[in-house]
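In: Below are the sequence and a predicted model for it; my questions follow.
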Amino acid sequence: MERFADKVALVTGGSRGIGLGIARRLADEGARVVITGRDTDSLARAAAGFGEGRVLTVAGKSQDPEHRAAALDEIADTFGRLDVLINNAGTNPVFGPTAEIELAAASKIIEINLLGTLAWVQGAVAHPRLGFGEHGSVVNISSVASTNPTPGIGMYGVSKAGIDHLTKTLAAELGPGVRVNAVAPGLVKTDFAVALYEGKEPELAAQYPLRRLGEPADIAGAAAFLASDDAAWITGQVINVDGGILAVGGRA
């Protein structure tokens, strides 16, 4: 398929895991892809897996306004347009009871996961040379923890619940020029989530109706659909991609 031929996509936090899986899927379907991340070495390794001329990397912290501005300017200078924004950058620096979380850590989670998502959308829509406000598609990466409290990662779930509502709010405000949707993964096998499943994958997988944990490619397929013209009349939706865990009352 070439659903993204002649289109440009930005994937934040795209150097590994779910972000990299989405970036590869979009590139495989014809997009020119820009990936951001904090670490230049990780970005270089990620870029090596793309075809020549298919990927541009921009290093920096997602919560840094100067990084966001530089990334969007570089996209404008290189490609002259932006069609797809995948908000994947996120963090969860703590594990434990929400009632005991240090407020500085809680603030960091909200700043990066929720406010960072909003800031990328604001920057893309307002940029004078990208045309994103007339033809853009946003896909935010949420989590099933946004609707189903999960021990140990409570504040992360709170930030993702905010993303769910932000997705619907922006969809209502930015149409018809921009569509805004979200994907809410269950437990996906990435370095980010390894502490949640390492050493207990068979027991966890048995709780899922599909009897396995997720892979980045599972999320990439859903994100690519929502970003594409196949979803041209879909906006303001949060799609659970969770192997059925919510259907049986399970937790993330």
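Out: Structure received.
In: same for the longest helix along the chain, what does it pack against?
Out: Secondary structure of the chain per DSSP state H: the longest helix is helix 154-174. Contacts defined by 3 or more Cβ pairs under 8 Å, 6 or more residues apart in numbering; DSSP states H and E place helix 154-174 against helix 103-109, helix 116-126, strand 136-141, strand 178-185, strand 238-241. From N, CA and C alone the C-beta is placed, and that goes for glycine too.
In: Now do it, average pLDDT.
Out: Helix 154-174 carries an average pLDDT of 98.
In: List the buried residues of that helix.
Out: 154-164, 166-168, 170-171, 174 (16 or more other Cβ atoms under 10 Å).
In: Give me the nearest residue to L118, chain neighbours excluded.
Out: Excluding its sequence neighbours, the residue lying closest to L118 (Cβ to Cβ, 6 or more residues apart in numbering) is L166, at 6.1 Å.
In: which residues sit in contact with that neighbour?
Out: Going by Cβ atoms under 8 Å, 6 or more residues apart in numbering, L166 touches 114, 117-118, 140.
In: Over to N240?
Out: Contacts of N240 by Cβ under 8 Å, 6+ apart are 144, 184, 186, 246.
In: Quick check: bridge partners of it?
Out: Listed by DSSP bridges, the beta-bridge partners for N240 are A184.
In: So I86, which state does it fall into?
Out: strand (DSSP: H, G, I helix; E, B strand; the rest coil).
In: That one and L103, how far apart?
Out: 30 Å (Cβ to Cβ, to the nearest Å).
In: On the pLDDT front, check N148 for me.
Out: What the model reports as pLDDT for N148 is 91.
In: What spatial separation is found between it and T12?
Out: Here the criterion is Cβ to Cβ. By it, N148 lies 25 Å from T12.
In: Those two: which is more packed in?
Out: T12 (25 against 18; other Cβ atoms under 10 Å).
In: Buried ones in stretch 69-78, by neighbour count?
Out: Buried residues in stretch 69-78 (16+ other Cβ under 10 Å): 71-72, 75-76.
In: of all the residues you listed, which comes closest to V180?
Out: Checking those against V180 by Cβ to Cβ gives L72 as the nearest, at 17.3 Å.
In: who touches the closest one in this structure?
Out: Counting by Cβ under 8 Å, 6+ apart, L72 touches 10, 82, 123-124, 127, 130.
In: what's the distance between the residue nearest the centre of the chain and A44?
Out: Nearest to the mean C-alpha position of the chain, counting by Cα atoms, centre = their mean, stands N88 at 2.3 Å. Between N88 and A44 the distance is 19 Å, computed by Cβ to Cβ.
In: can you check A5 too?
Out: Counting by Cβ to Cβ - A5 and A44 are separated by 26 Å.
In: Low-confidence ranges, the chain, go.
Out: Judged by pLDDT under 70, the chain has its weakly predicted residues at 1, 195-197, 251-252.
In: Which parts of it are helices?
Out: Using DSSP H, helices in the chain cover 17-28, 40-47, 65-78, 103-109, 116-126, 132-135, 154-174, 194-197, 201-205, 216-227.
In: between those, which one is nearest to L56?
Out: Nearest of these (Cβ to Cβ): helix 65-78, 6.1 Å.
In: quick check: angle from that closest one to helix 116-126?
Out: Angle of helix 65-78 versus helix 116-126, following axes from the mean of the first three to the mean of the last three Cα atoms, to 10 degrees, is 40 degrees.
In: Enumerate every residue touching E74.
Out: 34, 56, 58.
In: Mind doing that once more with 10 Å?
Out: 34, 56-58 (Cβ atoms under 10 Å, 6 or more residues apart in numbering).
In: Take those residues and lay them out in CSV including neighbour count.
Out: What follows is the contacts of E74, written out as CSV (neighbours: other Cβ atoms under 10 Å):
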residue, neighbour count
V34, 25
L56, 20
T57, 20
V58, 21
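In: Isn't S142 up against V158?
Out: No: using Cβ atoms under 10 Å, S142 makes no contact with V158, being 11.7 Å away.
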